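A.B. asks: Please find the sequence and the predicted model below.
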Amino acid sequence: MARALRCCTRKLHRWKLEDGVSGVQASISIRPEGLLASTRDLAALAATCTTFHGPALDALWSTQNSIKPLLSCMPEDLFNSSVSVSRGMPVLRRPMIHIDWARFMSYAARIKKLTVGPDRGLSAFGPLLLSCVPNGLSFPSLKSLVWQRSAMDFQYIRIFFSPALSSIDFVCEASNANVSVLSTLARTCPNLQRLSMSFYPNGRDADAAASSIVLSFHQLQFLNMGPPSSAALEHIGRLSTLTSLHLWTLPERFSRPNSPMFLAFRSLTVDDTAVLSVSRFLGMGFGTPESLDLTFSRFVHAAALGSWTRNFNEVGRQSGGDFPFALTDSLRILFSFPSLASLSLVSPPGYDICDTTVRDMARAWPQLERLELDIFYQYIPHHLTSMDVATSSLFAPTRVARFLSDIFPTLRTIVTDREEADNEDATELEEAPEEIALHHRWKEVEAALPELVAARQEERARARAGEEHLIFYRLISLET
């Protein structure tokens, strides 16, 4: 590959084909989908000629899953050779000078996406980076940062703060020291649009830490956090830029606002909530969300719901308590969102929904393309393209395919729980033969859908043609 690149470069220089050079530079920019995807090829291209040196290095360093390659750019004679980057604190053999940072700064300026993992390289070099990096700005082009390091190193996250940063995802301990480090995040990263934060251990301290941080931001577009405080909920609800919110659970208490909030919303995900809580939360006034993903993992006894008793039907007992099925009115709280394109409702006991309600669901959500419930009914919008059947039983693939192709003429994909598994592996075939057989039966349904839809369309076309011919024949008969 490297030899071919050098040959291509010589020809481009000889023919002076500027369009060709631009084309190769463009192909570099689409890594990793493009032809120049491997780091070896990019390194060879960077060393081939000065024309491609900059674009190739940009592509080579753009996304980094570790800080180690960058730390390895420091001069070899700077540290004691007996201490490696990954084993411990480096010992300086001489004072550092400005030129020592030249390669580091050159490559760091090209990084746009960085994941800082649990390796010990940053523990060793963190103090040097904080105290010695010229101008105090190591990563001027960094746009996305994922922090996966341990609590003791969290103060080094400041090294990566810059005005260019637009997305940050971090996990840290909910300590006063860590919250103090993050207090400068909004000021040093004014263009931050995506914020995902996880504090541990879970509890009031973690929730308070997350809430105090979010109050400093005014142009977030995506937010992922634990239950916000009342002040934080009021703040994010008034953000005109916030389109996507992911909460681990809803706050225990929140008051109804004087005016509608979340008017720019397009997506809401709640990992752990109760039907009553989400109904009150949605009643705060939302815009026109296109995606709702709610997990109802906590239920209250129907008798405790007062006027909400009609929404539930108590069935069975689990863990010593009554677990109700959600009935018709529990879903009707979502009918006020006609722009929904994706809806996922996960409920341990399931849903007890009548046919009338399902018809109303189809009318309420005309744009719906993805629906995940613990049930399946006939009257779902006709332009559904994908269906997740999980482990639903199936004994007559042909009959089911005929039914689905009639109800959902645009359905093309059926997903099962074994979609990502290796269903041809000998060990898998021995351990899960029934699950694999069920997966293949559903794939038979998927494969038959396009042909059945095409056949039904042809039948309808012939029927229309026959009707037109009959009408024409009758007109001729009347004239004669």
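C.D. replies: Arrived safely, thanks for sending.

A.B. asks: Which other helices and strands does the helix or strand containing Ala454 contact?
C.D. replies: In the assignment (DSSP states H and E), Ala454 maps to helix 433-479. When contacts are defined as 3 or more Cβ pairs under 8 Å, 6 or more residues apart in numbering; DSSP states H and E, helix 433-479 packs onto helix 397-407, strand 413-416. In this view, the C-beta of every residue, glycine as well, is placed from N, C-alpha and C.

A.B. asks: what comes up buried for the longest one?
C.D. replies: This means helix 397-407. With burial defined by 16 or more other Cβ atoms under 10 Å, the residues of helix 397-407 counted as buried are 397, 400-402, 404-405.

A.B. asks: repeat for the shortest one
C.D. replies: By neighbour count, with 16+ other Cβ under 10 Å as the criterion, the buried positions of strand 413-416 are 414-416.

A.B. asks: tell me the angle the helix holding Ala454 makes with helix 397-407.
C.D. replies: Calculated by axes from the mean of the first three to the mean of the last three Cα atoms, to 10 degrees, helix 433-479 forms an angle of 50 degrees with helix 397-407.

A.B. asks: same question for helix 433-479, mean pLDDT?
C.D. replies: When pLDDT is averaged along helix 433-479, the result is 78.

A.B. asks: cool, and stretch 338-351?
C.D. replies: In this model, stretch 338-351 has a mean pLDDT of 72.

A.B. asks: care to break the chain down by domain?
C.D. replies: Using automatic domain parsing, the domains assigned to the chain come out as 1-60, 62-192, 382-480.

A.B. asks: Straight-line length of the longest one, end to end?
C.D. replies: Between the opening and closing residues of domain 62-192 there is a gap of 19 Å (Cα to Cα, to the nearest Å).

A.B. asks: Columns distance to Leu384 and mean pLDDT on top of the helices and strands packed on helix 433-479, output as TSV?
C.D. replies: Formatted as TSV, the helices and strands packed on helix 433-479 follow (distance: least, Cβ to Cβ, whole Å; pLDDT from 0 to 100):
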stretch	distance to Leu384	mean pLDDT
helix 397-407	9	85
strand 413-416	10	92
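
A.B. asks: Same list (the ones you listed) but as TSV, adding distance to Arg194.
C.D. replies: Formatted as TSV, the helices and strands packed on helix 433-479 follow (distance: least, Cβ to Cβ, whole Å):
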stretch	distance to Arg194
helix 397-407	38
strand 413-416	27
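
A.B. asks: Go through those and name the closest to Pro75.
C.D. replies: strand 413-416 (52.9 Å; Cβ to Cβ).

A.B. asks: need the next SSE after the closest one, C-terminal direction.
C.D. replies: Counting by DSSP H and E, what follows strand 413-416 is helix 426-431.

A.B. asks: who touches that next one?
C.D. replies: Applying Cβ atoms under 8 Å, 6 or more residues apart in numbering, the contact partners of helix 426-431 are 421-423, 436.

A.B. asks: List buried residues within those.
C.D. replies: By neighbour count, with 16+ other Cβ under 10 Å, the contacts of helix 426-431 hold 423, 436 as buried.

A.B. asks: if we can go back for a sec, out of the buried residues of strand 413-416, which is nearest to Met96?
C.D. replies: Val415 (55.2 Å).

A.B. asks: which residues does that closest one contact?
C.D. replies: Listed by Cβ under 8 Å, 6+ apart, the contact set of Val415 reads 386-389.

A.B. asks: buried sites along the helix or strand hosting Arg363?
C.D. replies: Using DSSP H and E, Arg363 maps to helix 355-364. Residues of helix 355-364 classed as buried: 357-358, 360-362, 364 (neighbour count, 16+ other Cβ under 10 Å).

A.B. asks: Among the residues you listed, which has the minimum pLDDT value?
C.D. replies: Per-residue pLDDT puts Val358 lowest of the buried residues of helix 355-364, at 73.

A.B. asks: do you know how far that residue is from Leu368?
C.D. replies: 12 Å (Cβ to Cβ, to the nearest Å).

A.B. asks: Kindly report the same for Gln219.
C.D. replies: Using Cβ to Cβ, Gln219 is found at 30 Å from Leu368.

A.B. asks: The two: which is more packed in?
C.D. replies: Leu368 (20 against 13; other Cβ atoms under 10 Å).

A.B. asks: Export only the CA atoms of stretch 237-250, formatted as PDB.
C.D. replies: Output of stretch 237-250 as PDB, limited to C-alpha atoms (Å, rounded to 0.1, in the frame of the first residue of the first chain):
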ATOM      1  CA  GLY A 237     -36.600  23.100  31.300                       C
ATOM      2  CA  ARG A 238     -36.100  26.700  30.200                       C
ATOM      3  CA  LEU A 239     -33.100  26.000  27.900                       C
ATOM      4  CA  SER A 240     -34.200  26.900  24.400                       C
ATOM      5  CA  THR A 241     -31.400  24.700  22.900                       C
ATOM      6  CA  LEU A 242     -32.000  21.500  24.800                       C
ATOM      7  CA  THR A 243     -33.400  18.800  22.400                       C
ATOM      8  CA  SER A 244     -32.400  15.600  24.100                       C
ATOM      9  CA  LEU A 245     -32.600  14.600  27.800                       C
ATOM     10  CA  HIS A 246     -31.500  11.300  29.400                       C
ATOM     11  CA  LEU A 247     -32.300  10.900  33.100                       C
ATOM     12  CA  TRP A 248     -31.500   7.800  35.200                       C
ATOM     13  CA  THR A 249     -34.700   8.400  37.100                       C
ATOM     14  CA  LEU A 250     -37.100  11.300  37.800                       C
END
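
A.B. asks: Report the secondary structure state of Met197.
C.D. replies: The three-state label for Met197, taken from DSSP: H, G, I helix; E, B strand; the rest coil, comes out as strand.

A.B. asks: Let me fix that, I meant to ask about Val389.
C.D. replies: strand.

A.B. asks: My guess is it contacts Ile414. True?
C.D. replies: Yes: Val389 lies in contact with Ile414 (Cβ atoms under 8 Å); the separation is 6.0 Å.

A.B. asks: Quick check: neighbours shared by those two?
C.D. replies: Trp442.

A.B. asks: Columns distance to Trp248 on top of the contacts of helix 426-431, output as JSON lines?
C.D. replies: Formatted as JSON lines, the contacts of helix 426-431 follow (distance: Cβ to Cβ, whole Å):
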{"residue": "Ala421", "distance to Trp248": "28"}
{"residue": "Asp422", "distance to Trp248": "32"}
{"residue": "Asn423", "distance to Trp248": "33"}
{"residue": "Ile436", "distance to Trp248": "34"}
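
A.B. asks: List just the nearest of the contacts of helix 426-431 to Phe79.
C.D. replies: Nearest member of the contacts of helix 426-431 to Phe79, counting by Cβ to Cβ, is Asp422, at 45.6 Å.

A.B. asks: so who does that closest one touch?
C.D. replies: Glu428.

A.B. asks: let's see it at 10 Å
C.D. replies: 428-429, 436 (Cβ atoms under 10 Å, 6 or more residues apart in numbering).
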